[in-house]
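Enquirer: could you look at this predicted model? Sequence included:
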Amino acid sequence: MVVVNVTPRLLILGGTTEARNLAERLVARGKVDVVSSLAGRVASPGMPPGQVRIGGFDGATGLMEWIRAHGIRAVIDATHPFAATMSWNAAAAAAASHVPLLALRRTAWAPGEGDRWHEATSLGHAALMLPELGNRHFLTIGRQGVSSFADVSGAWFLVRSIDPPDEPTPPQMELLLDRGPYWLETEILLMRGRRIDTVITKNSGGAATAAKLIAARELGLPVVMVQRPATPGGVPEVADVQGVLEWVDAQIR
Ligand code: NAP
């Protein structure tokens, strides 16, 4: 009898620092084959080790077919907390393919003493709040969704993102192309220098971009915090890479 040992293959749905860190740790341990999937939104993404595929799957059905065709044994949804479509597709595809799914999601930021947060349910809601909060806004929501602020009348925006935002953009804006992590001192200098009176952010969580929140607190500025979209229920969730490694070990035991 011939016994064939097949190394289990995992799919990481990525596009985040955590997903890249996870791929690094899994590849270094060598117990599984790792395929990372990127949406292809960023012009020059940080490439994780292991296999990488780039581009959409064509919805939940396409993802299900891809999982089956590539012999995937487990899926880790390590997408950004605002990449909700992918998370819902992952839940549907994993269930249909009878493959275990784990979500790696950063803990959301929570306000502390001295914070002046205004919670918004969507980017559109955030845009409606701005006229009462000031005229000079620091829009730090990434490239996607800037168009939600194109019609805020009389407002000036400092827009910071890795790649330029899609049109339409606000008529009065300065674009700052930059990639985190960011530091408290430079965030304060930036906000002071541009005479910012409101910071708008998604509740992405994580340390790499949290300095803007502390800077806003120290400068006494209001923060419009866009809440996370709903994610599918019934999917186990961990907040860090170590939690994923333990889950993977349990799956392949
Ligand atoms: P989304 O709205 O949830 O997904 C839209 C479509 O993009 C999906 O239906 C899927 O296309 C494709 N897609 C998304 N993530 C993918 C992945 N990891 N691999 C292959 N295809 C993927 O996602 P999004 O908000 O546009 O974000 C796109 C990517 O950027 C994600 O990987 C996310 O982790 C990263 N990101 C997003 C944000 C944010 O604020 N939204 C911030 C930082 C990084 P198909 O239906 O064709 O499969």
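Expert: Yep, that arrived. Quantities reported herein were computed from a predicted structural model and do not represent experimental measurements. Residues are numbered from 1 along each chain as shown.
Enquirer: switch to C-alpha atoms for all contacts and neighbour counts from now on
Expert: Will do.
Enquirer: I'd like to know which elements the helix or strand that contains Ala216 is packed against.
Expert: Under the criterion of DSSP states H and E, Ala216 resides in helix 211-219. Packed against helix 211-219 by the contact rule (3 or more Cα pairs under 8 Å, 6 or more residues apart in numbering; DSSP states H and E) you find helix 184-193, strand 222-226.
Enquirer: quick one: buried residues of the longest one?
Expert: Applying a neighbour-count criterion of 16 or more other Cα atoms under 10 Å, one finds 184, 187-188, 190-191 buried in helix 184-193.
Enquirer: list the helices and strands that helix packs on?
Expert: For helix 184-193, the packing partners by 3+ Cα pairs under 8 Å, 6+ apart are helix 211-219.
Enquirer: how far off helix 184-193 does the helix it packs on point, in degrees?
Expert: Using axes from the mean of the first three to the mean of the last three Cα atoms, to 10 degrees, the inter-axis angle of helix 211-219 relative to helix 184-193 is 60 degrees.
Enquirer: export the helix holding Ala216 as PDB, just CAs?
Expert: Extracted C-alpha coordinates of helix 211-219, given in PDB (Å, rounded to 0.1, in the frame of the first residue of the first chain):
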ATOM      1  CA  ALA A 211      -1.800  57.700  16.500                       C
ATOM      2  CA  LYS A 212      -4.300  60.000  14.800                       C
ATOM      3  CA  LEU A 213      -6.800  59.300  17.500                       C
ATOM      4  CA  ILE A 214      -4.400  60.200  20.300                       C
ATOM      5  CA  ALA A 215      -3.300  63.300  18.300                       C
ATOM      6  CA  ALA A 216      -7.000  64.400  18.000                       C
ATOM      7  CA  ARG A 217      -7.500  63.800  21.700                       C
ATOM      8  CA  GLU A 218      -4.400  65.900  22.600                       C
ATOM      9  CA  LEU A 219      -5.500  68.700  20.200                       C
END
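Enquirer: mean confidence (pLDDT) on it, please.
Expert: Average pLDDT, helix 211-219: 98.
Enquirer: pLDDT on the helix or strand harbouring Trp247, on average?
Expert: Taking DSSP H and E as the definition, one finds Trp247 inside helix 241-252. Taken as a whole, helix 241-252 has an average pLDDT of 96.
Enquirer: in that helix, what counts as buried?
Expert: Within helix 241-252, the residues that count as buried by 16+ other Cα under 10 Å are 241, 244, 247-248.
Enquirer: if we can go back for a sec, now the buried residues of helix 184-193 as a markdown table including pLDDT and distance to Ala155?
Expert: Shown next, in a markdown table, are the buried residues of helix 184-193 (pLDDT from 0 to 100; distance: Cα to Cα, whole Å):
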| residue | pLDDT | distance to Ala155 |
| --- | --- | --- |
| Leu184 | 98 | 25 |
| Glu187 | 98 | 21 |
| Ile188 | 98 | 21 |
| Leu190 | 98 | 18 |
| Met191 | 98 | 16 |
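Enquirer: closest one to Val152 out of these, please.
Expert: Nearest to Val152, judged by Cα to Cα, of the buried residues of helix 184-193 is Met191 at 20.0 Å.
Enquirer: can you pull the contacts of that closest one?
Expert: Counting by Cα atoms under 8 Å, 6 or more residues apart in numbering, Met191 makes contact with Phe138.
Enquirer: just the helices in the stretch 1-150 of the chain please.
Expert: In the stretch 1-150 of the chain, helices defined by DSSP state H, counting those that start in this stretch lie at 17-29, 59-69, 84-97, 123-129, listed in chain order.
Enquirer: can you tell me which of those comes nearest to Val235?
Expert: Val235 lies closest, by Cα to Cα, to one member of the helices of the stretch 1-150 of the chain: helix 84-97, at 7.2 Å.
Enquirer: pull out the buried positions in that closest one.
Expert: Neighbour-count burial for helix 84-97 flags 84, 86-94, 97 (criterion: 16+ other Cα under 10 Å).
Enquirer: ditto for stretch 18-26
Expert: Neighbour-count burial for stretch 18-26 [16+ other Cα under 10 Å]: 18-20, 22-23, 26.
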